[in-house]
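>>> Sequence first, then the predicted structure:
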Amino acid sequence: MKTALNEISTPLVKRTNTRWIVAFMMWLVIAINYLDRSVLSIAAPYLTKEFSFSAAEMGMIMSAFFWAYALLQLPAGYVADKIGQKKSLSLAVIFWSIATFATGFVNGFKSLLGLRIGLGFGEAGAFPSNVGITSKWFPDKERATVSGIFNSAGSFGSAFGLPIIVWIISTTGWRFAFFICGLLGFIWLILWLIFFKDNPKDHRMVNEAELKYIVDGQSIPLETDEQSNLKWYQLLKYRNVWSVSLGLFVGSYNSYFFITWFPTYLVTQRHVDFLQMGFFATLPPLAGMIAEIFSGWLSDRILSKGILSLTATRRLFLIMGMVLATSIGFAVFANSTITVVLLLCVAKMGTSIAFPQLWAIPGDIAPKNVISTFAGFANTVSNFGGALGPLITGFFVAYTGSFNAALLFSGAMVFFNIFNYSFILKDLKPITSK
């Protein structure tokens, strides 16, 4: 009787929420990541004038980052799985922050080209590390929410980061813009090294209730990490790995239109003045950021309540996102600029709705020892889409004198993705080493 009374009188321990601080830091590092890669696009006119760069030279400098970034994704993911995401992400931030800071000292083409390659090498470690951290620190039912949060930081950088860079350059000069952005990475790094642990059970701010919530909610337990002997190249024989990678390829192809050609499209084909263009250009990334976070949260709610299975939930949001993304093709037939911008906002929202699901799937199905590797391979394929998108769009514009064919082609690629998620993507079951 005494024991029963003691149990009744003992208060329940409230679960800590340390994992959401981790999620915020993951969001913040991606925001800094995008900010650092974007400084050059704003500073380019100043650099071109100061060093007399030709258009071809500036094109080489700008593309150097993307090729280095894409090629290092898989090695970065492999390293993250081997040494742990705390070390891998720390090394990545150190590398790209040094490259960003040092860009403020460049004196010509060679030094700037080399530092952009270095920036691409460093930033390659961010997404694979974040996907691995998500799989360890969050239960399955929160994975899409967290993926949506940290991936939305890219849209945040496009919507809010660029005006900040413009202000910094206009007030302090282009060199100080690189100095300031480089320092942001080191400030984040100090907080990261103090706060983060690879395993939530080692963190002093994670109580037993939160740890139990995380571990019990994972279909692939963290404790099985060292028991898996799946090799990275064995991932390539699974259809779901290719389905996710192709999905990210199409998503990045369409998303990079808003980063590269969208302002030019508004000015040259829709005859929008420069100030209006600055306003309109922020709307699609802003809409995408909101849609990404909300859709990740909503899909996790559906999954946690058992309304749909994991496969059905992921497929529903992927296909729904692609249906909305077809709006990029319908923009060709719109006469009003407002209608065009609205359709392109819907298209950006569509690709953004799909991203949380795609970044959650590696944690859903891959063994813990290859999750970052899976993410690195998928992001390699993704960034080839990002690199090819501006080139193919430029070819269509040069050949036809209009953006219409480029937008229709982007819409056709979205239809391929609907087929991909409907028929190529199989049931999302854990991959086991045989």
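Cool, got the structure. Numbering: from 1, shown residues only.
>>> Residue ranges in the protein under the pLDDT threshold?
By pLDDT under 70, the low-scoring segments of the chain are 1-12, 158-159, 222-228, 274, 433-434.
>>> Return the residues in contact with the spatially most central residue of it.
Among the residues of the chain, the one closest to the centroid is Asn151, at 3.8 Å (C-alpha atoms, centre = their mean). By C-beta atoms under 8 Å, 6 or more residues apart in numbering, the residues touching Asn151 are Ile30, Glu292, Phe355, Pro356, Trp359. C-beta here means a position set from N, CA and C on the backbone, and glycine is covered the same way.
>>> contacting residues for the residue nearest to the last one when sequence neighbours are not counted?
Here the nearest residue to Trp359 in space, its sequence neighbours aside, is Ser147; by C-beta to C-beta, 6 or more residues apart in numbering that works out to 3.8 Å. Ser147 sits next to Val131, Thr134, Gly296, Phe355, Pro356, Gln357, Leu358, Trp359, Ala360 when contact means C-beta under 8 Å, 6+ apart.
>>> how about the helix or strand harbouring Ser243: buried residues?
Here Ser243 sits within helix 239-260, counting by DSSP states H and E. For helix 239-260, the neighbour count (16 or more other C-beta atoms under 10 Å) marks 240-260 as buried.
>>> Over to stretch 380-395?
Quick answer for stretch 380-395 (16+ other C-beta under 10 Å): Thr380, Val381, Ser382, Asn383, Phe384, Gly385, Gly386, Ala387, Gly389, Pro390, Thr393.
>>> dump the residue contacts of Val250.
Here Val250 is in contact with Gly385, Met413, Val414, Phe416, Asn417, Asn420 (C-beta under 8 Å, 6+ apart).
>>> Tell me the one among those nearest to Arg270.
Using C-beta to C-beta, Val414 comes nearest to Arg270 of the contacts of Val250, at 21.3 Å.
>>> circling back: scan the contacts of Asn151 and report the most crowded one.
Pro356 (33 neighbours; other C-beta atoms under 10 Å).
>>> just checking, that residue touches Phe294?
No. With contact defined as C-beta atoms under 8 Å, Pro356 does not count as touching Phe294 (9.7 Å).
>>> Overlap of the contact sets of the two?
Gly148.
>>> hey, which helix is longest across the protein?
helix 18-51 (DSSP state H).
>>> May I see the buried residues of that one?
Buried, per 16+ other C-beta under 10 Å, within helix 18-51: 18-19, 22-23, 25-40, 42-43, 47.
>>> just to revisit the earlier point, how close does the residue nearest to Trp359 get to Ser295?
According to C-beta to C-beta, to the nearest Å, Ser147 and Ser295 sit 10 Å apart.
>>> anything in contact with each of those two?
Pro356.
>>> so what's Ile168 up against?
Phe176, Ala177, Ile180.
>>> Kindly indicate the member of the residues you listed with the most neighbours.
Neighbour max across the contacts of Ile168 (other C-beta under 10 Å) = Ala177, 27 neighbours.
>>> what about that residue, distance to Phe186?
From Ala177 to Phe186 the distance is 16 Å (C-beta to C-beta).
>>> got it, and Phe415?
45 Å.
>>> The stretch 1-150 of the chain: helices as residue ranges?
2-9, 18-51, 55-71, 73-83, 85-103, 109-123, 126-137, 143-156 (DSSP state H, counting those that start in this stretch).
>>> and the fifth one with helix 55-71, angle?
Looking back up the chat, that one is helix 85-103. Helix 85-103 and helix 55-71 are oriented at 170 degrees to each other (axes from the mean of the first three to the mean of the last three C-alpha atoms, to 10 degrees).
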